[in-house]
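S.K.: Dropping the sequence and predicted coords here.
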Amino acid sequence: MSFTSIDYEEPKQKTYKAVSVCDNNNKTVLFNTGDFVKDWYDSIKHLLTNLADEPNHMHSTSVDHFQMDGNGYDSMYMTFNEETNSGELSTEYGDGIEFFVKAGTAPTWDELRKLCGDKKNL
């Protein structure tokens with residue numbers, strides 16, 4: 001089983017340090033640019049490109065705690081629109097992949113990719 005966790009000093013969301021992904025072989029990849037939005041984005045990209053075959057992926061409790069401990073980030077959910085052949089972000093909880101954005105913002109999928117320095121699709 002693989003899992004994602006967020007390294008910060010509870011209960012202070014502003015002490016964010018890194019997002020880490022540990023695979024089922026206990027190999028950990030650290031995303032620690034200091035920008036939580038980018039690090040989360042990069043961790044999701046890592047999961048989809050490198051760990052897609054792992055059957056069980058979970059978030060550690062630190063992911064939930066990080067969200068509960070502050071209001072600096074909002075969740076947005078990416079889904080794929082087959083009609084436009086592109087990703088779309090929505091604030092509606094659903095079957096999409098959860099990404100985080102700075103609170104009070106609502107970037108498009110392309111804007112989020114640009115903010116995170118990604119030139120390739122997930």
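M.R.: That came through, no problem.
S.K.: CA atoms for contacts and neighbours, from now on please.
M.R.: Will do.
S.K.: Please list all residues in contact with the residue nearest to D23 when sequence neighbours are not counted.
M.R.: Distance criterion C-alpha to C-alpha, 6 or more residues apart in numbering; nearest residue to D23, sequence neighbours excluded, is S2 at 4.2 Å. Applying C-alpha atoms under 8 Å, 6 or more residues apart in numbering to S2 gives the contacts V21, C22, D23, N24, E54, N56, H57, M58.
S.K.: Distance-wise, check S2 relative to E98.
M.R.: Distance from S2 to E98, counting by C-alpha to C-alpha, to the nearest Å: 17 Å.
S.K.: Locate N24 within the secondary structure: which element?
M.R.: N24 belongs to no helix or strand when assigned by DSSP states H and E.
S.K.: I'd guessed it sits against L51; true?
M.R.: No - judged on C-alpha atoms under 8 Å, N24 makes no contact with L51 at a distance of 9.3 Å.
S.K.: Who has more neighbours out of these two?
M.R.: L51 (18 against 15; other C-alpha atoms under 10 Å).
S.K.: For the more buried one, list the residues it contacts.
M.R.: Taking C-alpha under 8 Å, 6+ apart, we find L51 in contact with D23.
S.K.: distance of it from T79?
M.R.: L51 is 19 Å from T79, by C-alpha to C-alpha.
S.K.: What does the pLDDT read for V101?
M.R.: What the model reports as pLDDT for V101 is 96.
S.K.: Beta-bridge partners for it, please?
M.R.: For V101, the beta-bridge partners are D74 (DSSP bridges).
S.K.: Distance check, it against Q67.
M.R.: From V101 over to Q67 the distance is 12 Å, taken as C-alpha to C-alpha.
S.K.: The two - which one has more neighbours?
M.R.: The neighbour comparison of V101 against Q67 (other C-alpha under 10 Å) goes to V101, with 20 against 15.
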